[in-house]
Each structure stands twice: as C-alpha cells, then as structure tokens.
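In: sequence plus predicted model, see below.
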Amino acid sequence: MDALDAIMTRRSIRRYTGEPVTPEQVEVLLRAAMAAPSAGNQQPWRFVVITDSETLAMVGDTNPYAGMLADAAVGIVVCGDTVNLRHPVMWQQDCSAATQNILLAAHAQGLGAVWLGFYPKTERSIPLKALLGMPEAVEPMAVIAIGRPAEEKGPADRYDAELVHHERW
C-alpha cells in the first residue's frame with residue numbers, strides 16, 4: 001500500500017476479531033511512530049504497549065469512549081515525557097504525529113485501529129496514569145486500540161474546497 005492510499009483509505013476501526021497481532025507488527029508500529037517529525041528533534045514520545053486483555057479492559061474503563069479496548073489485541077499508550085524539553089509546548093504535536101503514523105502503519109499492515117483521546121482531559125488521564133504506574137512528568141496523550149478488523153469501512157472523501165483559503169483568508 002503506498003502512502004497516499006494509506007492516508008485516503010484509513011478509517012477508525014472499533015471492532016476486532018480477537019485474532020492476535022504479532023510482536024513484529026507491533027514493532028513496525030512503534031518504528032513508524034518514532035519516525036514522526038518532532039519539534040527540534042526532541043522526540044518526547046514514550047509508549048506503553050498493552051496486550052493483557054484484563055489490563056486493556058481496565059484502560060478502556062478510564063475513558064467513556066474506549067470500550068473497544070476490551071476486544072483489541074493491543075493497546076498502545078502514546079505518552080509525552082515533559083522533562084527537560086527544549087520546546088515544552090510542542091510535545092502534544094510531536095505525540096500527535098507519532099499517533100497518526102501508528103494509525104497509518106496499522107492500516108498498511110491490514111490491521112484496524114482507532115485513536116482514543118486522553119490528554120488534556122484529566123478525568124481520563126489521571127486514572128490511566130495511576131493504573132499504569134506512570135511517572136508524574138509523563139502525560140498519556142492517547143491510547144490506540146489495535147486489532148484485526150471485524151468491520152470494513154470504505155474510504156471517505158472528506159475534501160471540502162470551502163475550507164480552503166488561498167494567499168489570504
């Protein structure tokens with residue numbers, strides 16, 4: 001699958017077959033994440049890979065929109081380490097780029113995935129940090145539920161010329 005095809009056909013997948021995702025596939029996802037652009041190359045991202053079904057279900061309980069984690073083969077928590085950053089207000093953008101790369105790499109491997117937002121919603125991130133024993137200075141930005149897709153969604157052309165301005169507003 002080429003890059004444009006992956007971008008244009010990637011969809012949020014929330015239902016999974018229960019089949020496993022291999023450690024090799026997870027490593028590809030993490031390599032893709034770490035290939036993301038980063039402000040000043042600070043690379044503040046850190047990742048927690050979860051494959052235990054009980055832990056995935058408990059993580060799903062920390063966010064009202066994350067119930068699908070109970071059926072996912074893998075959850076990847078994308079975190080920002082906020083210590084000693086040269087560009088402290090940019091970690092969210094860096095981690096967002098890493099998250100998008102994971103979503104695209106999952107799709108390119110035939111996996112389904114969905115981005116579940118946590119930061120800056122403290123009612124979600126504080127329980128997640130406690131559950132996973134995360135250090136104070138590490139913020140969970142998102143959790144990505146990943147599995148073999150049990151649903152199929154066609155591409156969605158979301159282009160809207162009305163949203164585009166040229167040269168000036």
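Out: Happy to help now that I have it.
In: quick one, strands of this structure?
Out: Applying DSSP state E to the chain gives strands spanning 45-50, 74-81, 112-117, 138-147.
In: any chance of the ones you listed in a markdown table, with mean neighbour count, distance to residue 154 and mean pLDDT too?
Out: Backbone N, C-alpha and C define where each C-beta goes, glycine included. Compiled in a markdown table, these are given as follows (neighbours: other Cβ atoms under 10 Å; distance: least, Cβ to Cβ, whole Å; pLDDT from 0 to 100):
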| stretch | mean neighbour count | distance to residue 154 | mean pLDDT |
| --- | --- | --- | --- |
| strand 45-50 | 18 | 30 | 98 |
| strand 74-81 | 24 | 25 | 98 |
| strand 112-117 | 23 | 14 | 98 |
| strand 138-147 | 25 | 19 | 98 |
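In: among those strands, which comes closest to residue 168?
Out: Smallest distance to residue 168 across the strands of the chain (Cβ to Cβ): 32.3 Å, for strand 112-117.
In: and the strands of the chain as JSON lines, adding distance to residue 101?
Out: Shown next, in JSON lines, are those (distance: least, Cβ to Cβ, whole Å):
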{"stretch": "strand 45-50", "distance to residue 101": "10"}
{"stretch": "strand 74-81", "distance to residue 101": "10"}
{"stretch": "strand 112-117", "distance to residue 101": "11"}
{"stretch": "strand 138-147", "distance to residue 101": "11"}
